[in-house]
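S.K.: this one's structure only:
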């Protein structure tokens, strides 16, 4: 096969990668595009049939359209459009990803679908509200961490905090942290590093978007943490779900939005019944935690906790503290 023919096969494949069932491409269109986009002259349309058969024999899912005059299309792409949509939404809301990085990822994802698919996502070309401003180094840092975990090496970095002027500054005057990194965990649109320090017992976590100047150490990682230990740590420390599961009773006035909020929080195991005063009582189970109290404080105007008393007392205490702050 000549060099020009090899190039032609690659170009034909590239053309079909932007097709789908609703936008097929026939032999005439293939010849035109090879000339217009790649400068290939005197391409006979009948040669496209041989090219398609060769690509099909190599395993590419190129299928003939129901109306054969319309040509062929790529039946399957690397990702379905709905999968790309999920990834685009996740990237857009990621607080640890910069706008620049989010745009680069979006463009790469859009290259995995058809031309028609890209047009369907055109409404998403807009400012990304969840992303941070600036160039960002999230991609570089994730690569470092993946390689460090693969090679069982420690990582080094500096950590930041927010001062009273609401400025990001290095913690402890730029102290260099060294961590035995065990996993990277995604929670609340942020990545968390989970690992341990040589001179401390137990696990610890750091938010990736607060890290600067990360590098891989030459020192070997020490300590082995089974997955169950890490999962338990995540529940108790990263997600703040510490404590035992408790049975909760709440009273509320039903309404579509109130019902939806409670259902999303309590899950399918919730049980409800009407009360004589026109309100409803709901019973469900949740893990006792700081976030549990915070949720009920957030929706104190909708839900009243009846039991357990310990949870009710914590909510009242939080509300009184808030009232005290606003009364000053």
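M.R.: Perfect, thanks for sending it. Treat the numbers as computed from the prediction; the structure is a model and nothing was measured.

S.K.: low-confidence ranges in the stretch 201-328 of the chain?
M.R.: Applying pLDDT under 70 to the stretch 201-328 of the chain flags residues 224-226, 228, 235-243.

S.K.: which residues of it fall in helices?
M.R.: 227-233, 256-266, 290-298, 309-327 (DSSP state H, counting those that start in this stretch).

S.K.: sort out which residues of the shortest one are buried, please.
M.R.: Looking back up the chat, that one is helix 227-233. Within helix 227-233, the residues that qualify as buried are 230, 233, counting by 16 or more other Cβ atoms under 10 Å. Heads up, the C-betas are built off the backbone N, CA and C, glycines and all.

S.K.: do you know which of the helices of the stretch 201-328 of the chain lies nearest residue 146?
M.R.: The minimum distance between residue 146 and the helices of the stretch 201-328 of the chain falls on helix 227-233, with 16.5 Å, by Cβ to Cβ.

S.K.: run through who's touching the closest one.
M.R.: For helix 227-233, the surrounding residues in contact (Cβ atoms under 8 Å, 6 or more residues apart in numbering) are 182, 183, 194, 202, 203, 205.

S.K.: if we go to 7 Å?
M.R.: Applying Cβ atoms under 7 Å, 6 or more residues apart in numbering, the contact partners of helix 227-233 are 182, 183, 194, 203.

S.K.: ditto for stretch 178-192
M.R.: Stretch 178-192 has contacts (Cβ under 7 Å, 6+ apart) with 93-96, 130, 145, 148-149, 154-156, 193-197, 205-209, 217, 221-223, 225, 230, 234, 238-239.

S.K.: now, of these, which are buried?
M.R.: 94, 96, 130, 145, 148-149, 154-156, 193-196, 205-209, 221, 225, 230, 234, 238-239.

S.K.: returning to what we had before: tabulate the contacts of helix 227-233 (JSON lines), appending distance to residue 176.
M.R.: Shown next, in JSON lines, are the contacts of helix 227-233 (distance: Cβ to Cβ, whole Å):
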{"residue": "182", "distance to residue 176": "20"}
{"residue": "183", "distance to residue 176": "22"}
{"residue": "194", "distance to residue 176": "19"}
{"residue": "203", "distance to residue 176": "20"}
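
S.K.: which of the residues you listed are buried?
M.R.: By 16+ other Cβ under 10 Å, these give 182, 183, 194, 203 as buried.

S.K.: between those residues, which sits nearest residue 23?
M.R.: Looking across the buried ones among the contacts of helix 227-233 and measuring by Cβ to Cβ, the closest to residue 23 is residue 183, at 42.1 Å.

S.K.: phi, psi for the closest one please.
M.R.: Backbone torsions of residue 183, given as degrees, to the nearest 10, read phi -160, psi 160.

S.K.: mind checking the SS state of the residue of the chain positioned farthest from its centre?
M.R.: Within the chain, residue 42 marks the point farthest from the mean C-alpha position, 47.4 Å out by Cα atoms, centre = their mean. Three-state call for residue 42 (DSSP: H, G, I helix; E, B strand; the rest coil): coil.
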